[in-house]
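Undergrad: Got a sequence here, can you build the structure:
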Amino acid sequence: MECKITNDLGTISITEDVLLRMAGYAALECYGIVAMSSKRAKDGIVEWLGRENLTRGVQLRLVEDGSVDIDLYIVVEYGISIVAVCNNIVDTVKYKIESMTGAKVRRISITVEGIRV
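TA: Predicted structure coming up:
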């Protein structure tokens, strides 16, 4: 799956892996997020992922109109407002993806998989 952006000079193709990494790095920059997580649906085990595997904590879907839906799976720090952290993540990820690629972000869904003390 690729995100294609067309302008007067031609077409820009951005691979899914690039978008996944950009969203993951943008989310990890936010205060209050400890790690990205990957939930294995088969046995319900949640894995905490470092920077090398953060793309497994992000899922993308391209919509017909060319926009992108992003799902993030995160672990937050104990004692911090989860709502404030999630609002900050949504704003940051949307801004970074739209400003760096030109692709429109339609929706960002965040699933908090855990809290770390």
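
Undergrad: Excluding chain neighbours, what is closest to Arg107?
TA: Excluding the flanking residues, the one nearest Arg107 by CB to CB, 6 or more residues apart in numbering is Asp69, at 4.8 Å. C-beta: built from backbone N, CA, C; applies to glycine.

Undergrad: gap between the helix or strand hosting the one you found and the chain center?
TA: Mapping Asp69 onto the secondary structure by DSSP states H and E places it in strand 68-77. In terms of CA atoms, centre = their mean, to the nearest Å, the centre of strand 68-77 is found 5 Å from the chain centre.

Undergrad: Give me the angle between whichever helix or strand comes after it and strand 68-77.
TA: Once strand 68-77 ends, the next helix or strand along the chain (criterion: DSSP H and E) is helix 82-101. Inter-element angle recorded for helix 82-101 and strand 68-77: 140 degrees (by axes from the mean of the first three to the mean of the last three CA atoms, to 10 degrees).

Undergrad: quick one: average confidence on the helix or strand that helix 82-101 is followed by?
TA: Under the assignment DSSP H and E, the closest C-terminal helix or strand after helix 82-101 is strand 105-116. Strand 105-116 carries an average pLDDT of 91.

Undergrad: List of residues touching strand 105-116?
TA: Strand 105-116 is contacted by residues 34-35, 37, 39, 46, 48, 63, 67-78, 82, 86, 89-90, 93-94, 97-98 when judged by CB atoms under 8 Å, 6 or more residues apart in numbering.
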